[in-house]
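>>> Task: produce atomic coordinates for the following.
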Amino acid sequence: MNRDIIQNLRKDYSAASLSENDVVKNPINQFENWLKQALEAEVNEPNAMTLATATTDGRPSARIVLLKDVGQDGFVFYTNYLSRKGKELAKNPLATLLFFWPEMERQVRIEGTVEKLSREVSERYFNSRPKASQIGAVISPQSQEIENRLVFEKKWEELEALYADKPVPKPAHWGGYIVKPRLIEFWQGRRSRLHDRILFKKADKANWKIVRLAP
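The predicted structure is shown next:
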């Protein structure tokens, strides 16, 4: 590829602005407002978020996961506990989330601590999933090497038949996490790269400090 093409890729943002006076004083409520606007704007997969984790010696990894709940306590997603991210979170329970809504020229970045959800909460969500997704969670040794796809598909067909007329139990290796934020940054694209960046920093259990960051 011609490197000049990549170097010259540019977009000037002009959809909206963001000031300290615009934001709700509670960042979770502000996030919910933006998420609602993304849904109304029919943004493609507005609940898709990059989840970044790291090993104890600082080697980072990132992937896209889906937000499944949000509240004053934090941001919830579900996954395989034995996956790479699960193993990293077990030893280093810190994470960053990033939402990018290009149609609205917005990003939200969240940093926080991570905790497992209770088995009861994870089971309740697991039981709400389509059966095909439940079976996939049971058979997938996520992030591990497998011989080939055919072995995987054969196992899926076996369990599809086994659970054709009965519920699929949640596997012990699968469940939810909650990211409890200590920093939440709202980014609004602006012209000439002079973007608006409003950062909420956790001051104490109930209060947040609001500051503006340079673009």
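
>>> for this protein, which spans come out with low pLDDT?
Scanning the chain for pLDDT under 70 picks out 4, 9.

>>> mind running it again at 50?
Of all residues in the chain, none has pLDDT under 50.

>>> Could you report the neighbour count for Phe200?
Under the neighbour criterion other Cβ atoms under 10 Å, Phe200 is assigned a count of 25. The C-beta positions use only the backbone N, C-alpha and C, and glycine is treated the same way.

>>> Okay, and it sits in which element?
Per DSSP states H and E: Phe200 is located in strand 196-202.

>>> ok, residues contacting that strand?
Residues from elsewhere that reach strand 196-202 (Cβ atoms under 8 Å, 6 or more residues apart in numbering): 17-20, 23, 27, 30, 181-188, 190, 208-215.

>>> Out of these, which sit inside strands?
181-188, 208-213 (DSSP state E).

>>> Would you map the helices across the protein?
3-7, 27-40, 84-91, 119-128, 131-139, 149-162 (DSSP state H).

>>> Looking at the ones you listed, which is nearest to Leu97?
Within the helices of the chain, the stretch nearest Leu97 is helix 27-40; the backing value is 10.3 Å (Cβ to Cβ).

>>> Give me the contact list for the closest one.
23-24, 46-47, 70-72, 101, 103-104, 106, 108, 181, 184, 186, 200, 208.
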